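Trainee: Sequence plus predicted model, see below.
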Amino acid sequence: MMKRFFKWVLRVFLGIATLILLLILYIQLTYKRKFDALPTGIKASTDSAVIARGEYLVMGPAHCWACHTPGAHENLQEAPSGGMSGGLEIKLPFGTLYAPNITNDAATGIGTYTDEMLARAIRFNVKHDRTALVPFMTYNGMSDEDLTAVISYLRSTKPVVHEVPQHDLNVLGKGVMRFLMKSYEHATPPPAALRPDTSAEYGKYLAINVANCHGCHTNRDKSSGQFIGTPFAGGYEMPTKSGTFTSANLTPHPATGVLAKWSAGDFVQRFRAGAAYPESPMPWKAFQEMTDNDLKALYYFLRSIEPAEQRVTAFRPKLAEGEKE
């Protein structure tokens, strides 16, 4: 009787092991899924005003340099130098990702990519080889006009030769790419153009589609990266060498919202002051480049959203060995 039982257990085990091996083989062979994206019609411009607008977005509110400039992520409060040649390591449970070289170098950067390829990557999270990008960028809803400006500026940058490693995905990462990763789907098409002003509506555009306030000031699950908190209510923890930063509650809650008692002028001055902590993960240096009107638009939008009660401790220093909270 026992002999028959062990034989049954062995068969079940071998059956499960075979299924797992087949699944791993299937993932290995098929994880590089291809996606199609609608043509954007975006074409880079050589107009100096368009390029200037792109530089403002890339170096200011969109803070592209914060991830694409080597070493910048270690100190976001210093002016970037050396070009956006990539290489930042992003270590995740499913592998290590590397920020690409987005200078106009033909061998190691974006020099051989068409304008459409670049636009497709930013708007739909689809790479030049039609595989899906891990959705770190949040510029999918950027207007045609601003997207044109960004690509025009990138085309104007000095080429930097810097070979960046390919993403190093483990089995879990390849499974994510096979079953979960997809191109970005727009509920409504992005606007052709938006006139910058100080309205809450324009502030919403900046907060969600350009400056990514939503991405850091909404709590996320540590494993999946999925949003789990109330939008803009903060609570997302970001560990550093000296301690843990937690994103602030930007909703106008009278007791726990950081902006509850601020005027538009206070908001602008806070950005002009820059980082209170040198290791702050918020790219204050980039946001200091924003115009007063753009900052006011952000302020009016944040004041217009639903208040959410969430008390946040901005910074908790790392405890010495043996110390208790």
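Mentor: Alright, I've got the coordinates. Residues are numbered from 1 along each chain as shown.

Trainee: what residue is smack in the middle of the protein?
Mentor: For the chain, the residue whose C-alpha lies nearest the mean C-alpha position (Cα atoms, centre = their mean) is Phe136; its distance is 3.3 Å.

Trainee: Am I right that that one is in contact with Cys64?
Mentor: No. Contact between Phe136 and Cys64 fails when scored by Cβ atoms under 8 Å: they sit 11.1 Å apart. Yep, even glycine has a C-beta here, placed from its N, CA and C like the rest.

Trainee: Could you count how many residues lie near the nearest residue to Pro190 once chain neighbours are set aside?
Mentor: Once flanking residues are discounted, Pro190 sits nearest to Gly141: 4.9 Å by Cβ to Cβ, 6 or more residues apart in numbering. Using other Cβ atoms under 10 Å, Gly141 is surrounded by 19 other residues.

Trainee: Spit out the contact partners of Gly141.
Mentor: Going by Cβ atoms under 8 Å, 6 or more residues apart in numbering, Gly141 touches His186, Pro190, Tyr205, Ile208, Asn209.

Trainee: Where does it sit: helix, strand or coil?
Mentor: Of the three states, Gly141 takes coil under DSSP: H, G, I helix; E, B strand; the rest coil.

Trainee: Could you tell me which residues make contact with Ala207?
Mentor: Ala207 neighbours (Cβ under 8 Å, 6+ apart): Cys213, His214, Phe232, Leu298, Phe301, Leu302.

Trainee: From Phe124, how far out is the residue nearest to Pro190?
Mentor: Gly141 is 11 Å from Phe124, where distance means Cβ to Cβ, to the nearest Å.

Trainee: domains for the chain, by residue range?
Mentor: 48-179, 200-317 (automatic domain parsing).

Trainee: coming back round to it: just give me the closest of the contacts of Gly141 to Ser45.
Mentor: Closest to Ser45 out of those is Pro190 (17.8 Å), distances taken as Cβ to Cβ.

Trainee: wait, the closest one sits on Asp144?
Mentor: Yes. Pro190 sits in contact with Asp144 when judged by Cβ under 8 Å, with a separation of 6.8 Å.

Trainee: can you list residues touching both of the two?
Mentor: In contact with both Pro190 and Asp144: no residue, using Cβ under 8 Å, 6+ apart.

Trainee: In three-state terms, label Arg178 for me.
Mentor: Strictly by three-state DSSP, Arg178 counts as helix.

Trainee: what number of residues lie near it?
Mentor: Quick note: Arg178 (other Cβ under 10 Å) scores 17 neighbours.

Trainee: Return the backbone torsion pair for the spatially closest residue to it that is not a sequence neighbour.
Mentor: By the measure of Cβ to Cβ, 6+ apart, the closest residue to Arg178 outside its immediate chain neighbours is Tyr31, 4.3 Å from it. Tyr31 adopts backbone torsions of phi -70, psi -20, taken as degrees, to the nearest 10.

Trainee: Provide a list of residues in contact with Tyr31.
Mentor: Neighbours of Tyr31 in contact, by Cβ under 8 Å, 6+ apart: Leu169, Lys174, Gly175, Met177, Arg178.

Trainee: so Ile110 touches Ala121, yeah?
Mentor: No. If you go by Cβ under 8 Å, Ile110 and Ala121 don't touch, sitting 9.2 Å apart.

Trainee: In TSV, list the contacts of Gly141 along with distance to Trp262 and secondary structure.
Mentor: Shown next, in TSV, are the contacts of Gly141 (distance: Cβ to Cβ, whole Å; DSSP: H, G, I helix; E, B strand; the rest coil):
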residue	distance to Trp262	secondary structure
His186	33	coil
Pro190	30	coil
Tyr205	21	helix
Ile208	21	helix
Asn209	23	helix
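
Trainee: Might you list the low-confidence residue ranges for the stretch 201-325 of the chain?
Mentor: Scanning the stretch 201-325 of the chain for pLDDT under 70 picks out 223-225, 319-325.

Trainee: hmm, 80 instead?
Mentor: Confidence mapping of the stretch 201-325 of the chain against pLDDT under 80 gives the ranges 222-226, 319-325.

Trainee: where do the helices sit along it?
Mentor: All helices of the stretch 201-325 of the chain, identified by DSSP state H, counting those that start in this stretch, fall at 213-216, 264-273, 284-287, 292-304.
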